[in-house]
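Visitor: here is a sequence with its predicted model. Questions after.
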Amino acid sequence: MFTKLEDALKNDKLDQIFALEKQGQLNLTKVIKAGTLYFKVQDDFHEGNGIYFSSKDESRFSILDKSKGTMYLAESPHTGLLEYFHDAKDEDGGFLDKSDLESGCMAEIEIIKDFRVLNVSQFSPHIDVPVGELMGDNPIYPLTQQLAQKLSKMFDGMEYVSRQNGERCLVLWSDNQGEEILLNKSVTHLVDYEHESVSARVMLQQKCGIQIT
């Protein structure tokens, strides 16, 4: 099912692609500028800390050998909410208990130093693997983790599209908890969180299709 991605990982295709970019024939890299703000929903306040690179979790773009930790960020708060709570739509019919807003938190994280990420939408045609396949269900994880391990040696992370709403997200890799590139701006319980005068509750209802009971 995933033979094209397997082939790209086994042979020297990735090296060829990035050699072409180095020569200026391809443009696969995006620079995330200092001052850019990203969002992440987390399960608790965690003493006001929103920056955590996990080397234990098994996720789509976690590093196979655990040499670096992984953290996922969203470009907008409602995408962060949908990424975190999307199971509520499948398992609970689109309803979320108010207690989830009381325990869960929104972290706002600022980029403090320019860094390079791979643009997955630009990259996927060159390995002949559709973006939708890279964002597929769990069976592809062993391959996407191998890909992440290779890419983490060249990039700080990847920009990809959310499976839930098609908006942009980041996965970042770090072996030092992102000390040189990230600033923890704030961590706020969702029941109190607002962005541009819109509450988390309203975002969930209007942007995510999730109702609060």
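Guide: It's in. Residues are numbered from 1 along each chain as shown.

Visitor: could you pull out the strands for the protein?
Guide: For the chain, the strands defined by DSSP state E cover 29-32, 37-42, 69-74, 95-96, 105-111, 115-119, 157-161, 168-174, 182-189, 194-195, 198-199, 211-212.

Visitor: output the lowest mean pLDDT helix or strand found in this structure.
Guide: In the chain, no helix or strand scores lower on mean pLDDT, DSSP states H and E than helix 87-91, which sits at a mean of 73.

Visitor: need the outlier residue of the chain, farthest from its centre.
Guide: Q23 (28.5 Å; C-alpha atoms, centre = their mean).

Visitor: can you redo the strands of the chain as CSV with mean pLDDT and mean neighbour count?
Guide: No exception for glycine: its C-beta is placed from N, CA and C like everyone else's. Formatted as CSV, the strands of the chain follow (pLDDT from 0 to 100; neighbours: other C-beta atoms under 10 Å):
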stretch, mean pLDDT, mean neighbour count
strand 29-32, 96, 16
strand 37-42, 98, 21
strand 69-74, 97, 23
strand 95-96, 90, 18
strand 105-111, 98, 22
strand 115-119, 96, 18
strand 157-161, 96, 22
strand 168-174, 97, 23
strand 182-189, 98, 17
strand 194-195, 98, 16
strand 198-199, 98, 14
strand 211-212, 92, 16
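
Visitor: how about the ones you listed, which one is nearest L81?
Guide: Nearest to L81, of all these, is strand 37-42, at 5.8 Å by C-beta to C-beta.

Visitor: check which helices and strands that closest one sits against.
Guide: With contacts defined as 3 or more C-beta pairs under 8 Å, 6 or more residues apart in numbering; DSSP states H and E, strand 37-42 has these neighbours: strand 69-74, helix 77-85, strand 105-111.

Visitor: D65 reaches Q149, doesn't it?
Guide: Yes. Counting by C-beta atoms under 8 Å, Q149 is a contact partner of D65 at 6.1 Å.

Visitor: higher neighbour count, these two?
Guide: In this view D65 and Q149 are compared by other C-beta atoms under 10 Å, and Q149 has more residues nearby, 19 against 10.

Visitor: and that one, what does it touch?
Guide: Contact analysis of Q149 by C-beta atoms under 8 Å, 6 or more residues apart in numbering lists I63, L64, D65, S67.

Visitor: cutoff 6 Å now
Guide: Neighbour list for Q149: I63, L64 [criterion: C-beta atoms under 6 Å, 6 or more residues apart in numbering].

Visitor: distance of it from L143?
Guide: According to C-beta to C-beta, to the nearest Å, Q149 and L143 sit 11 Å apart.

Visitor: over to R168?
Guide: Going from R168 to L143 by C-beta to C-beta gives 22 Å.

Visitor: likewise for D114?
Guide: 30 Å.

Visitor: the more surrounded of these two?
Guide: Set D114 next to L143 and count neighbours by other C-beta under 10 Å: L143 wins out with 19 against 13.
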